[in-house]
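>>> coords below, sequence missing:
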C-alpha cells in the first residue's frame, strides 16, 4: 500500500514538473500549440528528457562512490554561490540571481578541464601528434565543459529579463551535450583512473548545474 502511494506521489510530481517546464520553455508573449506528446517526450526539449539525463548522472555518481580511488578530489571542485564577482582563472563561479541565493552549484576550474581533457595540447602545442581534442570523445567533453561554465551568465540573463525560457533552452542544451558525452566514452574506467577522475569532474559539475537549474524552475530533481 505504501509503495503504491509512493508511486502515485512520484507520478504526480513528474506530471507537475512536465507541465511547469512545458509552460516555462516558451517565450513570454508568443503563442504556441500545446502538445501532450511533446510535453512528455524523452527525446525532445521536455522535463522528462532533463530528468532522464539527471538519472544517468545519479547512476554514475553512485557507482563512483563505491570506487573511492576513482572519485575526483574535492579540492579541485569548487562551489559557486551568489556573490558579486566571477573569474575564469578561479575555480569558483558566481551568479547574482536572487533565485539562487540559497543554492549552490559546483564548477571545476576551466584550466583544470583543459589539462584533464587535452594534456598534449597543453604540454606540446606544436607536436605533430594529433591532439586528443580532435577525437570525438574529447570534443564532446570539452563542449560539455564550456556549456557548464556558461551557466552563471545564463541564469543572470533569465532572471534579469524575466525570461525563464532562456534557462530551459540552456538546460536542454546541457543535457544534450551530456548525453553525447556519456554515449561517446566509458566514464568509469578502472584501468584508466586518471581519465575516470577527469570525467567524473565533468559529471559532477553538470549534475550540480542541472539540479540547481531545475530547482530555479520549481521542478524537483528526481530519477525516472
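All right, it came through fine. Here the structure is a predicted model, which is why all the values come from computation and not from measurement.

>>> Report the mean confidence score over the helix or strand residue 54 falls within.
Here residue 54, judged by DSSP states H and E, is contained in helix 47-65. Mean pLDDT, helix 47-65: 92.

>>> which of the residues in it are buried?
47-54, 56-58, 60, 64 (16 or more other Cβ atoms under 10 Å). (C-beta placed from N, C-alpha, C; glycine too.)

>>> Quick one: residues in contact with that helix.
14, 17-18, 20-22, 39-43, 70-71, 171-172, 174-175, 178-179, 182, 187-188, 196, 200, 203-204, 206-207, 210-211, 214, 219, 221-224 (Cβ atoms under 8 Å, 6 or more residues apart in numbering).

>>> Any of those residues buried? List them.
Buried subset of these (neighbour count, 16+ other Cβ under 10 Å): 14, 17-18, 20-22, 39-40, 70-71, 171-172, 174-175, 178-179, 182, 187-188, 196, 200, 203-204, 206-207, 210-211, 214, 219, 221.

>>> Give me the subset of those residues lying in strands.
Nothing among the buried ones among the contacts of helix 47-65 maps onto strands, per DSSP state E.

>>> Among those, which ones are in helices?
14, 17-18, 20-22, 39, 171-172, 174-175, 178-179, 182, 196, 200, 203-204, 206-207, 210-211, 214 (DSSP state H).

>>> Can you give me the distance of the closest residue to residue 210 other than its chain neighbours to residue 14?
Distances taken as Cβ to Cβ, 6 or more residues apart in numbering put residue 54 closest to residue 210, at 5.7 Å, once the chain neighbours are dropped. For residue 54, the distance to residue 14 (Cβ to Cβ, to the nearest Å) stands at 12 Å.

>>> okay, and the common contacts of these two?
Joint contacts of residue 54 and residue 14 (Cβ under 8 Å, 6+ apart) are residue 222.

>>> How about residue 18: what's its closest non-neighbour residue?
Residue 18 sits nearest to residue 47 (Cβ to Cβ, 6+ apart), 4.6 Å away.

>>> Could you list the low-pLDDT ranges of the chain?
Residues of the chain that meet the criterion pLDDT under 70 lie in 1-5, 70-135.
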